[in-house]
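In: Give me a model of this one.
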Amino acid sequence: MADLFDPRHLGSSLTLGNRIVMAPMTRTRTSEGDVPNALMATYYGQRAGAGLIIAEATDIDRSAKGYAMTPGIYTQAQKEGWQLVTDEVHRKGGKIFLQLWHVGRMSHPSIHHDGQAPRGVTEERAEHSDVFVHDDNGKLGYIRAGVPRRMETSEIESLVSDFSRAFENAHQAGFDGVEIHAANGYLFDQFMNSALNTRDDRYGGSTVENRARFLMEVVDEAMRIFGEGRVGVRLAPFGRFNSMPADPLTEQTLLYVSEHLARRNVAYMHLVYELMPTENMENAEFKQSYLDHGLLNKVRAAFDGAIIWCGGFASRESAQAALDTGLVDLIGFGRPYIANPDLDQRLKQGWELSEADRSTYYTRRGEVGFTDFPSYVNEDQHVADSISQ
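Out: Numbers count the residues shown, from 1 in each chain. Here you go, the predicted structure:
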């Protein structure tokens, strides 16, 4: 069986130093104009010990935006900001992909030009979900997602071109690859969901081929620009986040997408689903809350690239147990990376993990809760310095 610290190839052109993936996490530290900056370069550079870093969800254009202070990749300044990040990660010996998204209906008119409605697969609102934007008084906070307008067929075709330009910009900014965010109730997920997508055009819900068409057209553009081993897709089968309705055709859609991503030589599928621990975690045994081994075996048979499993991992034992199933190849860690820039070494050496203050996850407080976490070997000195101050 593979060990968590074994290298792993993505395609024939990229080798990761270990099986640990830093999952993408929005951190709202951009400069004006949604521009990545030197502080973000420091943050990602500190975490370059991961086998692969997947940078936070990034807007492909202004219409893609759903939350305040998320970065973009559609202006020259944004591209130059991301170059700072990739240069620092590569200087530290790391590999980094950029996650690209369009949030679809998960947005609000206040964040769009002239107060335009968000664009969605239909006019159906995410009735029970909020977005992080400025309110009428200019204060940042969570407000209910707006009512979307149904996208025209021509707009979907135009969005494929917008994604293509974003991939070109990411390539020029020095990223090793890109991940397409097709999970968590955002635009691609909205299209693939048979209960939500009731369109009657070529992107409509009548067949799985139609529902997945938009994603596959965008994947084709990513592959054209980055090539083998450099493109991943994130999926959240059975996910209900962002008011996604239950989809009776989830398994059919997942296996169709798996097969067609394999045909395109996509490097990896990034599957997001939580783990439910058993009473005895000492033996690293756990249950899956949504995706059982039988279905994952079918995915494995359909898709011959790497599979990343992300969802609730917080220890070497749980990660290794997942690898030991033989059904996945890489393990995604999210929140543990916030307070542990040297997470790979902490896991390898059995060192204690730190925890971050959740109030600093999304903030304008600069380095506080962002780049001010010491590595384990410097932690005692950091504590001593704090006391002396």
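In: Over stretch 244-256, what's the mean pLDDT, rounded is fine.
Out: For stretch 244-256, mean pLDDT rounds to 96.
In: How about stretch 203-219?
Out: This predicted structure assigns stretch 203-219 an average pLDDT of 96.
In: Okay, and F188 sits in which element?
Out: Per DSSP states H and E, F188 falls inside helix 187-192.
In: how far does whichever helix or strand comes after that helix sit from the chain's center?
Out: Using DSSP H and E, the helix or strand that follows helix 187-192 in sequence is helix 208-226. Distance of helix 208-226 from the chain centroid (C-alpha atoms, centre = their mean, to the nearest Å) equals 17 Å.
In: Tell me the buried residues in helix 208-226?
Out: Buried residues in helix 208-226, counted by 16 or more other C-beta atoms under 10 Å: 208, 210-219, 221-223, 225-226. Placement of C-beta: from N, CA and C, glycine included.
In: do the same with stretch 297-310
Out: Residues of stretch 297-310 classed as buried: V299, R300, A302, F303, G305, A306, I307, I308, W309, C310 (neighbour count, 16+ other C-beta under 10 Å).
In: Tell me the one of those nearest E179?
Out: Comparing the buried residues of stretch 297-310 against E179 with C-beta to C-beta places I308 closest, at 9.4 Å.
In: Please state the offset of the longest strand belonging to the chain from the chain centre?
Out: Determined from DSSP state E, the single longest strand within the chain is strand 52-59. On the basis of C-alpha atoms, centre = their mean, strand 52-59 sits 6 Å off its chain's mean C-alpha point.
In: helices or strands next to that strand in the packing?
Out: Applying 3 or more C-beta pairs under 8 Å, 6 or more residues apart in numbering; DSSP states H and E, we find strand 52-59 packed against strand 20-22, helix 76-91, strand 96-101.
In: Mind listing residues that contact it?
Out: Under the criterion C-beta atoms under 8 Å, 6 or more residues apart in numbering, residues 10, 16, 20-27, 34, 44, 47, 65, 70-74, 82, 85, 89, 94-102, 166, 175, 179, 181, 232, 270, 330, 332 lie in contact with strand 52-59.
In: show me where pLDDT drops low in the protein?
Out: Within the chain, the set of residues satisfying pLDDT under 70 comprises 274-291, 379-389.
In: for it, what spans make up the helices?
Out: Using DSSP state H, the helices found in the chain span residues 38-46, 76-91, 153-172, 187-192, 208-226, 250-263, 293-302, 316-324, 336-339, 343-349, 379-388.
In: just the CA coordinates of the third one, formatted as CSV?
Out: It refers to helix 153-172. Taking C-alpha atoms only, helix 153-172 is exported to CSV below (Å, rounded to 0.1, in the frame of the first residue of the first chain):
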residue,chain,number,x,y,z
THR,A,153,-27.4,29.5,-24.1
SER,A,154,-25.0,32.0,-25.8
GLU,A,155,-23.9,33.2,-22.3
ILE,A,156,-22.8,29.7,-21.4
GLU,A,157,-20.8,29.4,-24.7
SER,A,158,-19.2,32.8,-23.8
LEU,A,159,-18.3,31.6,-20.4
VAL,A,160,-16.3,28.7,-21.9
SER,A,161,-14.2,31.4,-23.6
ASP,A,162,-13.9,33.3,-20.3
PHE,A,163,-12.6,30.1,-18.6
SER,A,164,-10.1,29.6,-21.4
ARG,A,165,-8.7,33.2,-20.9
ALA,A,166,-8.4,32.5,-17.2
PHE,A,167,-6.5,29.3,-17.9
GLU,A,168,-4.1,31.2,-20.2
ASN,A,169,-3.6,33.8,-17.5
ALA,A,170,-3.0,31.1,-14.9
HIS,A,171,-0.4,29.5,-17.2
GLN,A,172,1.4,32.8,-17.7
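In: Now do it against strand 52-59, angle only.
Out: Going by axes from the mean of the first three to the mean of the last three C-alpha atoms, to 10 degrees, helix 153-172 is angled at 140 degrees with respect to strand 52-59.
In: how distant is helix 153-172 from the center of its chain?
Out: Counting by C-alpha atoms, centre = their mean, helix 153-172 is centred 18 Å from the centre of its parent chain.
In: Which other helices and strands does it contact?
Out: On a contact count with 3+ C-beta pairs under 8 Å, 6+ apart, helix 153-172 meets helix 76-91, strand 96-101, strand 177-181, helix 208-226.
In: my read: Q190 touches Y203, true?
Out: No. At 10.8 Å, Q190 does not count as touching Y203 under the criterion of C-beta atoms under 8 Å.
In: Identify the contacts common to these two.
Out: Common contacts of Q190 and Y203 (C-beta under 8 Å, 6+ apart): V121, N197.
In: No more questions from me, cheers.
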